[in-house]
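Asks: Have a look; sequence and predicted model below, questions after that.
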Amino acid sequence: MIPTSHYLALSLLLFTIGVIGVVTRRNVIIILMSIELILNAVNINLIAFSRMLGSVDGQIFALFVITDAAAEAAVGLGIIIAFFRNRETVLADEMDILKW
Amino acid sequence: MEFFRSHILSVVLFVPTAGAILALFVPREREDAHRLLGNVFGFLGLIVSLPLVCWFKPDQAGFQFTENHEWIPSIGARYTLGIDGISFLLVMLTTVLGAIAILSSWSAIKTRTKEYYILLLLLQTGMLGVFMSLDFFLFYVFWEVMLVPMYFLIGVWGSERRLYAAIKFFLYTLAGSVLMLLAILSIYFNYAKLTGTYTFDIQALLTATPQFSHGLQWWLFWGLFFAFAIKVPMFPFHTWLPDAHTEAPTAGSVILAGVLLKMGTYGFIRFSLPMLPTASSSKIIVNLMVAISIIGIIYGALVCMMQKDMKKLIAYSSVSHMGFVTLGIFALTPHGLAGSVIQQVNHGISTGALFLLVGILYERRHTRMISEFGGLSTPMPNFAAIYMIITLSSLGMPLLNGFIGEFTILRGVFEVSKAWAAWGVVGIILGAAYLLWLYQRVMFGSVTNPANEHLPDMNARELVTLVPLVLLAFWIGVYPKPLFRYLELPVKQIVERVNPGYYAAEPMPPTPVPIKMPAEKPQAQEKK
Amino acid sequence: MHIGFFLDHIWLIPLFPLASAALMLLIGRRLPNNAVSTICVGSVFVSFVFALGAVVQLFGLPAEQRVVERILFEWVPAGPMHTSAGRLVNFIADWGFLLDPLSSVMVLVVTGVGFLIHFYSIGYMGHEGGYYRFFGYMNLFMFSMLTLVLANNMLLMFVGWEGVGLCSYLLIGFYFLRKSAADAGKKAFIVNRIGDAGFLLGIFLTVGTLGTIKFTEFGAALAAGSFALGAPALTAIGLLLFVGATGKSAQIPLYVWLPDAMEGPTPVSALIHAATMVTAGVYMVTRHNAIYQMAPFALEVVAVIGALTAIFAATMGLLQNDIKRVLAYSTISQLGYMFLACGVGAFAAGIFHLMTHAFFKALLFLGSGSVIHALSGEQDMRKMGALWGKIPATAKTFVIGAVAIAGIPPLAGFFSKDEILGKAFEHSPLLWIIGFVTAGMTAFYMFRLVNMTFFGNSRVPHDVEHHIHESPKTMTVPLMVLAGLSVIGGWIGWPAALGGSNRFERFLEPVISRPMAAHAEAAATHASAMEYLLMLASIAIALAGIWLARLLYLQRAELPDKIAASWPRLYKLVYNKYYVDQIYDAMFVNRAKDLGTTLGAFDTNVIDGLGVDGAGWLTRFTSRLSIWWDTWIVDGSVNLAARIVWIVSFPVRMAQTGLVSSYALLIVIGLLIFLGYYLHPLRELRTLFH
Amino acid sequence: MWNEFFRREDFPLILPQVMLALFGLGILLTDFLLEARYKYWNAVMALLGVGFSGFSLWRLHSALVAQQARGQEPWLLGFGGSVLVDHFFLFFGFLFLAATALVILLSVRYLEIEQEHHGEYYALMLFATIGMMFMTSGYDLIVQFIALETMAISFYILTGFLRHDKRSNEAALKYLLLGAFSSGILAYGFSVMYGAAGSTNLAEITLAFTHRQPDDILVLLAVVTVAAGLFFKVAAVPFHQWAPDVYEGAPTPITAYVSVASKTASFALLLRLFQTAFWPARPSWVMLVAGVAVASMTVGNFAAITQNNVKRLLAYSSISHVGYILLGLVAGNETGLQGMAFYLFVYAFMNTGAFAIVIILRRKGLIGDDLEDLNGLIQRSPGAAVLLLIFMLSLAGIPPTAGFLGKYYIFLALIQTGHYVLAVFAVLYIVPAVYYYFRIVVHAFMRETTDPVRPVVSMGQAIALTVTVFVVLVAGVYPEPFVRFASQSLFLPFGPLGR
Amino acid sequence: MLDKVVFYFFAGLAVLSAILVVTRRNVVHSAIFLITALLATAGIFLQLHAEFLFAVQIILYVGGIMVLFIFVIMLVNLDVALHQVQFNRQAWLGVLLALVLGVQLAVGFLVGRTGVTFAKPSGGPLEPNTELVGRALFQNYMLPFEIASILLLVAMIGAVVMAKKKV
């Protein structure tokens, strides 16, 4: 049997990679993807815990996290489209009207 | 009538507010209506405060006309008003000066009359509230409230650098008062720790605060100190004052110098001393306070010498005069305290009057530069006469109010340390120098500046604003006995706290022994 | 208890002048001149009558009851206080008046001479503008002076003290269009203020030591306090009060204002700067004789300063050419005499001389005024001469005055001066010599004055010469009265040695506390032979002075220049009043000038305005300094704080780059910090490998 | 349909939210039927929804009171312990509804000017409100998380609602990316909590955590990550940077809504968690929160001083307000927590009021969020100027406005708990605050008018302004009832002051 | 033994493709690798006997969200994007800090692992999984489910409002 810590390690890795993606990439779509990665890490955590604790709550939680991920993705992509319409770019560091 | 008698303080307090609210409903275009309204209510405020004079019993200890109502039970803040001899004098001063200030700005204010009078009336309420409230929370509220109208008076109707002066005034005072808020809160909290009840009632706090540990009192003293010292203003914190006084409109300067500054000294007398006796009578603090007071006296006077701007000169002179007041307070002797209160009233009268006079000139010539004037006593004899009287009262000429205050203060100070009194006397000499020199430059000599040749002398309204002050000056100078009577008991209470056993000393035996020739007299003669 | 109408109403004496003064200053402008003069002179006359009545009634009382006190109301009931001995006393300053022999002498002098001078002014000021103002101030002065004299406590005395100072300020600056007049006025006021400061501190110290400021209680308090002779506190009081006296009575070093004060109209000089105000110092010292007698050192100081001033001023008077300035310096020197008298304990003699001096000095001033009047404003003696025939009344009275001041018996000056010299001799011969020499000089410069003015050949410019005229009666009558007084005024003090019985001194005894008086009597009796010698000596030197003046300025008019040539430096030194003003200038004014040039154009006003008083340049320097400090340090720090806040604000905003990635990075950093806060490396690593 | 898991008596507990949901859907439907100039009916309907929801909230309140009278504990649990109705919830529920109503009133004219007057706007606002309410009443991590997301996502959309405005797009996108990132972190924290406590129910988590050490690192991991997520939502330093941009870019009513409602809701959640689950670990996080508070006050005040854009300035000022509110948590005694509640209450109204002034300045061709746009307001519309003054004074904390009392409680709490240094800090930061608030006042009162156009005030705006100023003044002059109301909210089950 | 292999395979795959997601220049590639990463995660779920979640993961994510992503990518994809720099200026700093963060969390778990039974092999599977989840969802978690519906409604509105050319 795999100890829970391995799952934690895995989720931690994914989480870190996700964070790296968020803070390094210029393309907002990829930033969004990285966020999806982070949420996945969370899911792995939750399910591993639910397995460890033998309680189903974790899986339910994961289910809602997925839902939320979906929602965010949908809205996010919608906004990206709207933004793209006005600005002809999807690069994060080109949206800097608002600063200081 | 019965109601009026039992709620007179509230009435006095809120008559100006009523006026302000009324003015809200008058259209802003009808400027004269606003002028009239403002003056009516300013005067009304004075009228309703007059009964105090007859009803106030000087020989009754403690606070009088007290009103006490629920306000915010959950924090123990109440609506408590009341006055004793000290606050009585200051309240009267406020009502009188308030009415005069409002009257004085009849023709001076031409823009945005509505706001002007509303603010002036609100300011009046705020100041009265500070002197009347017996609830620390209420006190703080009024203390802060009165900042705002003053800010606008300076900032909107002031002269060139008004914005700078206004915000400087506001921030300076605010910085002090927020620290005071902390001090108030910790007094409130420590009182609760001591007695188990949360209250802001000053009379209640007074009973317990002296039991605070010396360390705590020490910190509390400094907490309160900045608020008061900045208001007074004591030496290193005075720089807001010249700007504010100079930029403010005449009425503003009158109120500022006449009443606002007194709040600081009032705070010292009402709170710092009686509430924190061990701290405020500790050697270090007393010496420090006296030191900066004396520095203030000399310093203010010296700076006056070189001012080119009349208002600035008078402003700095108030630094010097208020130095006397704080000096008297921290002598911690009956004479010092009584004198300092009287001197507060005097300063209110004479400096207020000086600002009025300068305002009169400013209205005619739109400049305050001394060099612009000269030989005015030829075109404006009445003006010159009144100016002379006020100058004399301000430099402490006997038979005028200033002398009584300064003498009593220095008397009390001398009792503690001769050196301090000597410094004070130096201050008096310098005072004579710069005031007379100002008078000479403005009034004497022949008219050099053609613009001054046909200045009209004072008109009836201006006379009405000044004559009362002149009469008061003479009255206090010739017959100050009533003032002393009002002050006797409150001062006694305070001194017994900060200087216990003062009144217990054995009296001087009045033994009219016939003079006997000292035995060694002859040898003393032979010696030479 | 009613002891006579006038005595019960002494408080009315100062009131009349006050009333008319108020009247003048309020509505005077609308009154015609004759109404003004009637009211003002009348009021002074009435108070003179009241004073006379009161004094007469005072005489009616037995000697030991001759102290009448009338209290109007409590003035400054400042309440309880501690004395330096730690006793608790109740400080009260009454508004009360005290009539005793001492003050009765003064009140008579003041009202009497005052009345005459008022009367004289009617004529003298007739053509001046601001007639009502002049008389208003004069009456105000009378009020203050009378308050000073009649006050029953130090504080009230101080009121009068300041009041007369103010009036002299106003009257000196009466021609306020003349800058020099205004300056002289301010100079007088501020110099006086310095003296007053001493007086004020003296009052404080007195209260602190004796616990009272009522003159009538000093004796008791002194006894109760059981002070040793020369107790430091008492000495300090004495010195402080004397500082006040030097200011008011123009003694070294504060005499500088008096000569300048001659800028004022002549009656003012006569009333204030000769007869009354300047003698206030002497009166004040005498008032406090009870204290002074317990403080020998203070008395020594008084005596020495007095003597020095006397001779110093006299020498300065020798070569003055301005008629009024000569008189001014002689006044200073005579005041020196009075202080000398007080200093040696002969208070009675001091007051005696004060009185006689009041008569003949007022006479001299008014006379000089009349001369100036006649010469239409000319004050320089080098442009006078040979006026004897042209203005006889003035001339004759003037000469009487001169003889009186020179100290030729039986005129007033002789008795008083001689008594002082006698007392001085008993005290210490040195002081006597100084006084003696001074007497000679006095005689010399007075007759120099007389000769240059009335005799010799006329140096008057012709345009003026035509309309030289005798002054109107209103001016000459007072001259005559005063002349009369200068003749007989001294007789009431006819010394015992000459078979008289010094009534004056006897009269003052109840006030001058016993020991000194007794002592004095003893002296007076034991060495009468010595006394005759002294009298002869002083008469001799007076005559010598007169002869010298005659020799130099009538017979051999070329001599003075020869002398001047032979001792050029001495001559210049004395002629320029020992360069005192120049020294003050060099010390203060020029420093100030250097500073002023650097500091700013209008400083010259400051220099003229304040250069005189010692603080002058220092003041300006420090005040500049403090303004600088104010703007740059105190205020600067505040503004600096504001500036810093403002500046710091920008980087904080710049952190707001507007870039999502950097925001995200900051979030990460925040997390890092949080976690780092918990994972203190060391502790964790230890628990890591268990 | 009722069963042992979904009982009839549970239903009233979520009735307020249900009301909102119904009206939200209703708006979506009727929106199609309304032509452009009748769109304001959506607003009316939304207000109705808020009203109904408020009514049912009131019923809950009276139920609780009755229960208290019967001597039972003052809260109702439902849905298998995943929903809790207590005074805490009621207090904040009313607050959310009030804020929502005000913003709706302010929105109508604004949207007309923007020509973006759609039903979705109001629907989304109602849905966001639902989210906030469940955030407060949810007693289960899952409920809280999902509710939080509901609110957040609605706000992303509302922020970007002006799709043709570059600033709006950008704000929305930034908000979304950072928001999603932070909620990812938050979710991670929740997962850790779940793992460490073995349950998602707050009660059980609290019990589990009370058995652990205060410095148990797992709990602290949870604290840190959750705190990071929530600090982001309340815009506390160093997670604040989204706020200024979003505030500036979003349509002004939404700016007000974000700065008031979302902040308050997140604070409610934060308080709920920190007072129950995380309370045992208090010793180890109190300094952390203190640090954040001081940092927030510093950054907020300093950055605001040189701002020339009113919305941005208010954004920074709101950051500093967060600092003050957090200080209440640092003190952590009754006064402190009561102070936080009261402060949030006051803050909601005064901040809405301040933004309302900016909103009424909006007109065709003028955004009205620049300081210069305020010049000479006193001549153009004295009323607005005076209100502006009052709000600024209240924000600065000058008596007799409500803002002062909010600060009063915080300071008192700090002194009671002996945090004197913090107290001095907090107090002195009032001075720079006054400075920049008065920059606005100076422009409104002491500058010459630059454009003479008098701002027109629609009825809705008028009502909103009246209500806000009324509350700000009354709560300042006679705060007693409000204080009582706020202090009720303190006693939550398992909370430090819970019964 | 078997599920060890399965776990490490899927874990490795997940991590690898995750790395590729954040490093690829071409957005489309990143999307593809994201899909693989999600699938790998799904595999982990399966290996954890969370069959229902496995299904949801594949259907919702891979079937739903990713399609959306690809769609948007196609919509906004510019060939210029390929020639642009893909990493912002703070990239290296970002990587560093992110790694530090990961390490810190790891240390945290290592230190705190005594607190819970992480080290123990996880307990038995929850069987029958789908039924359990279903019950839980429709009994205890009825309410969140309802809220989620609103959440999705909001998302829908949002997507429509935002993406629609004109309303």
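Replies: Received it, and whenever you're ready, just let me know what you need. Worth saying up front: this structure is predicted, and the values here are computed from it rather than measured. Numbers count the residues shown, from 1 in each chain, chains lettered A, B, ... in the order given.

Asks: remind me, longest strand of chain C?
Replies: strand C:68-82 (DSSP state E).

Asks: which element is the residue minimising distance to the centre of chain E on?
Replies: The residue lying closest to the centre of chain E (Cα atoms, centre = their mean) is E:Leu38, at 5.6 Å. E:Leu38 is located in helix E:27-47, with elements delineated by DSSP states H and E.

Asks: Tell me the secondary structure at B:Leu455.
Replies: Assigned by DSSP: H, G, I helix; E, B strand; the rest coil, the conformation of B:Leu455 is coil.

Asks: my read: it touches B:Arg365, true?
Replies: Yes. The pair B:Leu455 and B:Arg365 qualifies as a contact (Cβ atoms under 8 Å) at a distance of 7.3 Å. Every residue, glycine included, has its C-beta placed from N, CA and C.

Asks: Quick one: name the residues of chain E near chain C.
Replies: Counting by Cβ under 8 Å from any Cβ of the partner chain, the positions of chain E adjacent to chain C are E:88, E:90, E:93-94, E:97-98, E:100-101, E:104-105, E:107-108, E:110-111.

Asks: Just flag the most distant two among these.
Replies: Taking Cβ to Cβ as the measure, those span a maximum distance of 33.5 Å, between E:Asn88 and E:Val111.

Asks: What parts of chain E come near chain D?
Replies: Contact residues (Cβ under 8 Å from any Cβ) of chain E with chain D: E:105, E:108-109, E:111-112, E:115-116, E:139-144, E:147-148, E:150-151, E:153-155, E:157-158, E:161-162, E:167.

Asks: Out of those, list just those in strands.
Replies: Applying DSSP E to the residues of chain E next to chain D, no entry is found in strands.

Asks: Buried ones only from the residues you listed, please, as a PyMOL command.
Replies: Buried subset of those, written as a PyMOL selection, criterion 16 or more other Cβ atoms under 10 Å in any protein chain shown:
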select buried, chain E and resi 105+108+109+111+112+115+116+140+141+142+143+144+147+148+150+151+153+154+155+157+158+161+162
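
Asks: and the residues of chain E next to chain D near chain A, which?
Replies: Restricting the residues of chain E next to chain D to those touching chain A (Cβ under 8 Å from any Cβ) yields E:Leu105, E:Phe109, E:Val116, E:Tyr141, E:Pro144, E:Ala148, E:Leu151, E:Val154, E:Ala155, E:Gly158, E:Val161, E:Met162.

Asks: want to throw these into JSON lines with distance to C:Gly129?
Replies: Listed next are these as JSON lines, based on distance: Cβ to Cβ, whole Å:
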{"residue": "E:Leu105", "distance to C:Gly129": "99"}
{"residue": "E:Phe109", "distance to C:Gly129": "104"}
{"residue": "E:Val116", "distance to C:Gly129": "108"}
{"residue": "E:Tyr141", "distance to C:Gly129": "108"}
{"residue": "E:Pro144", "distance to C:Gly129": "103"}
{"residue": "E:Ala148", "distance to C:Gly129": "103"}
{"residue": "E:Leu151", "distance to C:Gly129": "99"}
{"residue": "E:Val154", "distance to C:Gly129": "95"}
{"residue": "E:Ala155", "distance to C:Gly129": "99"}
{"residue": "E:Gly158", "distance to C:Gly129": "94"}
{"residue": "E:Val161", "distance to C:Gly129": "93"}
{"residue": "E:Met162", "distance to C:Gly129": "93"}
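
Asks: May I ask which of these comes out lowest in pLDDT?
Replies: Ranked by pLDDT, these bottom out at E:Val116, which has 65.

Asks: ok, now which ones touch B:Lys114?
Replies: Residues in contact with B:Lys114, defined by Cβ atoms under 8 Å, 6 or more residues apart in numbering or on different chains, are B:Ala23, B:Val26, B:Arg28, B:Glu31, B:His34.

Asks: Name only those of those that count as buried.
Replies: Buried, going by 16+ other Cβ under 10 Å: B:Ala23, B:Val26, B:Glu31, B:His34, out of those.

Asks: quick one: the first one and C:Leu271, what's the gap?
Replies: For B:Ala23, the distance to C:Leu271 (Cβ to Cβ, to the nearest Å) stands at 58 Å.

Asks: and what of the third one?
Replies: The span separating B:Glu31 from C:Leu271 equals 55 Å under the rule Cβ to Cβ.

Asks: Then the last one?
Replies: Spatial separation of B:His34 from C:Leu271 under the definition Cβ to Cβ is 56 Å.

Asks: Give the buried residues for the helix holding E:Leu38.
Replies: E:27, E:30-47.

Asks: For chain A, give me its nearest residue in chain B.
Replies: B:Ile167 (23.7 Å; Cβ to the nearest Cβ).

Asks: circling back: tell me the strands beside the longest strand of chain C, with direction?
Replies: Its sheet considered, strand C:68-82 pairs with strand C:88-99 (antiparallel) by DSSP bridges.

Asks: And the average pLDDT for the partner strand is what?
Replies: Summarised as a single mean, pLDDT over strand C:88-99 is 87.

Asks: center of chain C, which residue is that?
Replies: Against the mean C-alpha coordinate of chain C, by Cα atoms, centre = their mean, the closest residue is C:Lys248 at 1.7 Å.

Asks: so what's the residue nearest to that residue when sequence neighbours are not counted up against?
Replies: Closest residue to C:Lys248 apart from its sequence neighbours, by Cβ to Cβ, 6 or more residues apart in numbering or on different chains: C:Gly281 at 4.6 Å. C:Gly281 sits next to C:Gly244, C:Ala245, C:Thr246, C:Gly247, C:Lys248, C:Ser249, C:Gln251, C:Leu335, C:Phe339 when contact means Cβ under 8 Å, 6+ apart.

Asks: what helix or strand is the first one on?
Replies: Looking back up the chat, that one is C:Gly244. Per DSSP H and E, C:Gly244 falls inside helix C:232-248.
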